[in-house]
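**Student:** Here is a sequence together with a model predicted from it:
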Amino acid sequence: MVNRFRSMPATAMAALLGCALMTTAAAPAAAKEKQKKEETQGAQISPSKGFAPSFKGLNEALSKKDAAALQAALAEAQPKATTEDDKYLVGFFTLQLGILNKDKALQGQGLDTALATGKVPASEAPVYNLFSGQFAYEKKDYAKAAQRFEAAKAAGSTEPNLPLLLVNSYVSGGQVDKGVALAKEEINRMLAAGQQPPEQLFVTPARALQESKRTNEMLDLLALRVQAYPNAATWNQTLRLVLGTTSGNKAMSLDVFRLMRATNALLDRSEYAEYAQLATEAALPGEAVSAIEAGKRTKVIPATDTALNEVLKVQTDRAGDEESTIGAYAKKPSTLSNPKVAGATGDALVGYGRYADAIPLYQAAANGGADKEMWTYRMAVAQAMSGDAASAKTTFGQITGPYQLLAKFWLAKLNAAPVATPQPATAS
């Protein structure tokens, strides 16, 4: 989880804005020979004749960093600001006073005054809008924040947190659809560029979708999240939500637990227990045994767990010599010609980790018509687990209906960047 957004301190803001006047404001007596060069740099700010003395006093106070003098000069100058240029200068010096006094309210006032004139130079527009938006966000004025952040984006801001700021503003202001659309756009852009999007770019809109009971859209975002953050904890958190959508469908729930195991996301004793129970009910003793033994290896299931030790014993006895005989049984024409038997045999082989052997059986089951979507999905899983990622992606892409949700998460797994394994320290 990351912070909502990174604020920029007043010192950094001063570095960006504090000297802007010297490069954007021109005194009334600017030399004619410089006019052409100045025009190429953008519109110039020129105080009116009546405001010129005030401008001089403001500039002198700022050059001395004398906050009291600057405040007095502003009070004297404000009534004399008659043109948009004059008002821009009032906004600019109000901003500087806010920076000197570390007064955010005054900084925001200065930024807004300057922006309202339309005179903020193009080179400074991204920064002015960005900070005005940040101040509005902190006041929970999300509509204004979104407007300012949009303007900063349009002006060419390169602030890396800007998309997240804008997404947060949309979502917090009730514009969930705009927030989700922007989040997906930015996430896909970064993933395509090989970059890892900030995690909050997934979490904020996903939470809003969950609150709106838009479960399918939420899971779309969470599939992108596990692709970008393919760690066990994130997979576990996400797939537990997926399990909530498969209630009452034991076959699909079993497939979720298989994906949890494939992503190392079985982190709790109760998860291994439910997985083993579903495998037992599906008449897959080999898989039930394998699940419990995996939990014991990871120490999630204690060696002294009486209940699961009893399940392990019963299912081991039930499996008998199934593993040694099922390979030959799988190749019989009578097995392959019966779609239901072929699928069940494929499931049994998967329980023993024989994924490649299960593929033709799942293909036969899918070709038979009944439960075609489930068997096609399980064939794709077997392809993925046997190392044929290309075929798996193609097969997952053919799936429609309820299993399309699980296919989406498998594709996220296949498309995820590998998680780095820490290397042991070497002696120097």
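**Tutor:** Happy to help now that I have it. Numbering: from 1, shown residues only.

**Student:** When you work out contacts or count neighbours from here on, use the C-alpha atoms and nothing else.
**Tutor:** Fine.

**Student:** ok, Gly156 - contacts?
**Tutor:** Contact partners of Gly156, counting by CA atoms under 8 Å, 6 or more residues apart in numbering, are Pro126.

**Student:** Would you agree it falls within a helix?
**Tutor:** No. Counting by DSSP: H, G, I helix; E, B strand; the rest coil, Gly156 is not found in a helix; it is coil.

**Student:** Phi first, then psi, for it.
**Tutor:** Gly156 adopts backbone torsions of phi 100, psi 20, taken as degrees, to the nearest 10.

**Student:** and this protein, what are its domains?
**Tutor:** Per automatic domain parsing, the domain ranges recorded for the chain read 11-25+48-159, 167-229, 248-320, 322-414.

**Student:** export the ones you listed to JSON lines and tack on mean pLDDT and distance to Leu239?
**Tutor:** Conversion of the domains of the chain to JSON lines gives the following (pLDDT from 0 to 100; distance: least, CA to CA, whole Å):
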{"stretch": "domain 11-25+48-159", "mean pLDDT": "88", "distance to Leu239": "32"}
{"stretch": "domain 167-229", "mean pLDDT": "95", "distance to Leu239": "9"}
{"stretch": "domain 248-320", "mean pLDDT": "96", "distance to Leu239": "7"}
{"stretch": "domain 322-414", "mean pLDDT": "93", "distance to Leu239": "9"}
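
**Student:** all helices for the stretch 1-150 of the chain, in order.
**Tutor:** Applying DSSP state H, counting those that start in this stretch to the stretch 1-150 of the chain gives helices spanning 10-17, 20-24, 35-40, 52-63, 67-77, 84-101, 104-116, 125-138, 142-154.

**Student:** Throw the domains of the chain into JSON lines and include distance to Thr238, thanks.
**Tutor:** JSON lines is the format used below for the domains of the chain (distance: least, CA to CA, whole Å):
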{"stretch": "domain 11-25+48-159", "distance to Thr238": "29"}
{"stretch": "domain 167-229", "distance to Thr238": "7"}
{"stretch": "domain 248-320", "distance to Thr238": "10"}
{"stretch": "domain 322-414", "distance to Thr238": "10"}
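
**Student:** who wins for proximity to Arg240 among those domains?
**Tutor:** domain 248-320 (8.7 Å; CA to CA).

**Student:** end to end, how far does that closest one reach?
**Tutor:** 30 Å (CA to CA, to the nearest Å).

**Student:** ok, Asn264 - contacts?
**Tutor:** Ala232.

**Student:** Specify the local secondary structure of it.
**Tutor:** Classified using three-state DSSP, Asn264 is coil.

**Student:** what number of residues lie near Tyr170?
**Tutor:** By other CA atoms under 10 Å, the residues close to Tyr170 number 23.

**Student:** what's the helix or strand for it?
**Tutor:** Element membership of Tyr170, judged by DSSP states H and E, is helix 162-172.

**Student:** What helices and strands are in contact with that helix?
**Tutor:** In terms of contacts (3 or more CA pairs under 8 Å, 6 or more residues apart in numbering; DSSP states H and E), helix 162-172 is packed against helix 142-154, helix 176-192, helix 200-211.

**Student:** Just want the angle from it to helix 176-192.
**Tutor:** 160 degrees (axes from the mean of the first three to the mean of the last three CA atoms, to 10 degrees).

**Student:** Dump the C-alpha coordinates for helix 162-172 into PDB.
**Tutor:** The C-alpha trace of helix 162-172 is given here as PDB (Å, rounded to 0.1, in the frame of the first residue of the first chain):
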ATOM      1  CA  LEU A 162      -0.600  13.500 -11.100                       C
ATOM      2  CA  PRO A 163      -2.600  10.500 -12.500                       C
ATOM      3  CA  LEU A 164      -3.100   9.200  -8.900                       C
ATOM      4  CA  LEU A 165      -4.000  12.600  -7.700                       C
ATOM      5  CA  LEU A 166      -6.600  13.000 -10.400                       C
ATOM      6  CA  VAL A 167      -8.000   9.500  -9.900                       C
ATOM      7  CA  ASN A 168      -8.300  10.100  -6.200                       C
ATOM      8  CA  SER A 169     -10.100  13.400  -6.900                       C
ATOM      9  CA  TYR A 170     -12.600  11.800  -9.200                       C
ATOM     10  CA  VAL A 171     -13.400   8.900  -6.900                       C
ATOM     11  CA  SER A 172     -13.600  11.000  -3.800                       C
END
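
**Student:** how about the helices of the stretch 1-150 of the chain in a markdown table, adding mean neighbour count?
**Tutor:** Below are the helices of the stretch 1-150 of the chain laid out as a markdown table (neighbours: other CA atoms under 10 Å):
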| stretch | mean neighbour count |
| --- | --- |
| helix 10-17 | 14 |
| helix 20-24 | 14 |
| helix 35-40 | 11 |
| helix 52-63 | 18 |
| helix 67-77 | 18 |
| helix 84-101 | 24 |
| helix 104-116 | 21 |
| helix 125-138 | 23 |
| helix 142-154 | 21 |
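
**Student:** Now distance to Ala193 too, for the ones you listed, in JSON lines please.
**Tutor:** Listed next are the helices of the stretch 1-150 of the chain as JSON lines, based on distance: least, CA to CA, whole Å:
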{"stretch": "helix 10-17", "distance to Ala193": "29"}
{"stretch": "helix 20-24", "distance to Ala193": "34"}
{"stretch": "helix 35-40", "distance to Ala193": "35"}
{"stretch": "helix 52-63", "distance to Ala193": "44"}
{"stretch": "helix 67-77", "distance to Ala193": "47"}
{"stretch": "helix 84-101", "distance to Ala193": "37"}
{"stretch": "helix 104-116", "distance to Ala193": "34"}
{"stretch": "helix 125-138", "distance to Ala193": "24"}
{"stretch": "helix 142-154", "distance to Ala193": "20"}
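
**Student:** so who does Lys340 touch?
**Tutor:** Here Lys340 is in contact with 365, 370 (CA under 8 Å, 6+ apart).

**Student:** wait, I meant Thr215
**Tutor:** For Thr215, the contact set (CA under 8 Å, 6+ apart) comprises Leu209.

**Student:** State the phi and psi torsions of it.
**Tutor:** Torsion angles, degrees, to the nearest 10, at Thr215: phi -60, psi -50.

**Student:** before we move on, what about Leu411?
**Tutor:** Dihedral angles (degrees, to the nearest 10) for Leu411: phi -60, psi -40.

**Student:** in the helix holding Tyr170, what counts as buried?
**Tutor:** By neighbour count with 16 or more other CA atoms under 10 Å, helix 162-172 contains the buried residues 162-172.

**Student:** now stretch 252-270
**Tutor:** 252-261, 263, 265-267, 269.
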